[in-house]
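Novice: Using only what follows, build the 3D model:
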Amino acid sequence: MRQSPIQWTTSPQGVAGKNNLAVAQWSSDAYRPAEARTAWLDRFSSSYGDVARDNAPFHRPFRLRMESYRLGSVGVSFVESLWSRLCRASTPTSAGQADMYWLFQPRSGTTTCRTPRGKFVVRAGECFLFNLSEPFALECNEPSAGVSLTFPKQWLARWLPRPERCSPLFLNSGNWSSALCSVVSTLHPDSICKLAVPAAAVAENVAVLLTLAAGPDSQARAVPLLESLRGTLTDSLHEPGLSASQVAQLHRISLRTLHYTFANAHTTFLQELLRMRLERAQEMLSDERLSLLEVSEVADRCGFADPSHFARRFRQRFGQAPVQFRRSARTKAS
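Specialist: Now for the predicted structure:
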């Protein structure tokens, strides 16, 4: 009889010792055949965000077994199935579910993975990194087994600030990528329950190997969020209807996170937007090359739909009406 690619424990909760790390077990056998796959998709969605509920027929019944564990901040799940198909066409509505990366390694079978970066064929022993804030698809049309590790983005950023810069596919062919695949392949329910070191230490070692396999470009520190938000405002000052929710959506963050980021800088979204628009207008009114541009046109290009509102705000900020400021700027230049 062929050995299972996953070394299951007989009873994870009954393993002696301090590493009782089992979180949950799930089996399609607990459901009627017609309900099993829908139940599985519901279970997946509750943990990782919504996926499509397709009813596409398949030539074999759906059967799946899963056991989940915790290694500190990292979730580990082991799955065996007759076939699998997951698809997400859009970003999850829950920010918490989207703020994760999912490292998947098939232990048997060949899996096709699709992300915005392209289509990839992942073979047994290789690893693939999904960004759960993006659309994706995963399909394996044969009996398979695999393990997946879910990393909270903020936790992973301690080692890997820019995972989006690396290739999502890690081949088992030499260098650090091979080391990553090798260590992930040693994870089994049986071995996790018998760890001789703290579970969090194992998770951190996997994160370090993932960072080394990703390469130096992925380790460059990300642009601070406040700086990135200000950059978006700078590029969008001409849009009179620019809103905080639009900017938050562009950055794939919650509205609360956006407001919290500006509050930490002792300002608000609207205050910052107004400040930047007025400073842009000041620059334009000081520029001799734009001297023939009407003040109302300057206001429009800076996102002010009402010229009188622009004039009032400009006077409050700089102590002069826009026309007077332009005249003073010309006098100083001459």
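
Novice: For the helix or strand hosting residue 260, enumerate the helices and strands it packs against.
Specialist: In this assignment (DSSP states H and E), residue 260 forms part of helix 255-264. For helix 255-264, the helices and strands in contact under the criterion 3 or more CB pairs under 8 Å, 6 or more residues apart in numbering; DSSP states H and E are helix 225-236, helix 244-250, helix 269-286. All C-beta spots, glycine's among them, are computed from the backbone N, C-alpha and C.

Novice: List the buried residues of that helix.
Specialist: Using 16 or more other CB atoms under 10 Å as the test for burial, helix 255-264 gives 258, 261-262.

Novice: Out of these, which one has the weakest pLDDT?
Specialist: pLDDT is lowest at residue 261 among these; the value there is 88.

Novice: That one reaches residue 225, doesn't it?
Specialist: Yes: at 5.2 Å, residue 261 counts as touching residue 225 under the criterion of CB atoms under 8 Å.

Novice: what sits against residue 163?
Specialist: Listed by CB atoms under 8 Å, 6 or more residues apart in numbering, the contact set of residue 163 reads 101, 129, 131, 156, 214, 218.

Novice: Verify the stated contact: residue 265 with residue 226.
Specialist: Yes: look at residue 265 against residue 226 with CB under 8 Å: they come within range, at 5.7 Å.

Novice: Sticking with the most centrally placed residue in the chain, tell me its helix or strand.
Specialist: To find the centre residue of the chain, average its C-alpha atoms and take the closest one (CA atoms, centre = their mean): that gives residue 133, at 4.1 Å. Residue 133 is part of no helix or strand, with elements assigned from DSSP H and E.

Novice: and the gap between it and residue 253?
Specialist: From residue 133 across to residue 253, the span is 10 Å (CB to CB, to the nearest Å).

Novice: Then residue 89?
Specialist: Counting by CB to CB, the gap between residue 89 and residue 253 amounts to 21 Å.

Novice: same check, this time on residue 215
Specialist: Taking CB to CB as the measure, residue 215 falls 26 Å from residue 253.

Novice: The two: which is more packed in?
Specialist: Using other CB atoms under 10 Å as the criterion, residue 215 and residue 253 rank with residue 253 on top: 20 against 14.

Novice: Per-residue pLDDT of the more buried one, please?
Specialist: Note for residue 253: predicted pLDDT of 84.

Novice: secondary structure class for it?
Specialist: Judged by DSSP: H, G, I helix; E, B strand; the rest coil, the three-state class of residue 253 is coil.

Novice: Residue 119 now?
Specialist: Three-state assignment for residue 119 (three-state DSSP): strand.

Novice: List the beta-bridge partners for it.
Specialist: Here residue 119 shows beta-bridge partners residue 114, assigned using DSSP bridges.

Novice: right, and it touches residue 113 too?
Specialist: Yes: between residue 119 and residue 113 there is a contact at 7.4 Å, judged by CB under 8 Å.

Novice: Compare those two (neighbour count), which wins?
Specialist: Each of residue 119 and residue 113 has its neighbours counted (other CB under 10 Å); residue 113 has more, 23 against 9.

Novice: Please tell me how far that one sits from residue 160.
Specialist: For residue 113 relative to residue 160 (CB to CB), the value is 19 Å.

Novice: go on, residue 25?
Specialist: In this structure, residue 25 and residue 160 are 30 Å apart, going by CB to CB.

Novice: Which one's more surrounded, the two?
Specialist: A direct count of neighbours by other CB under 10 Å for residue 25 and residue 160 places residue 160 higher, at 24 against 15.
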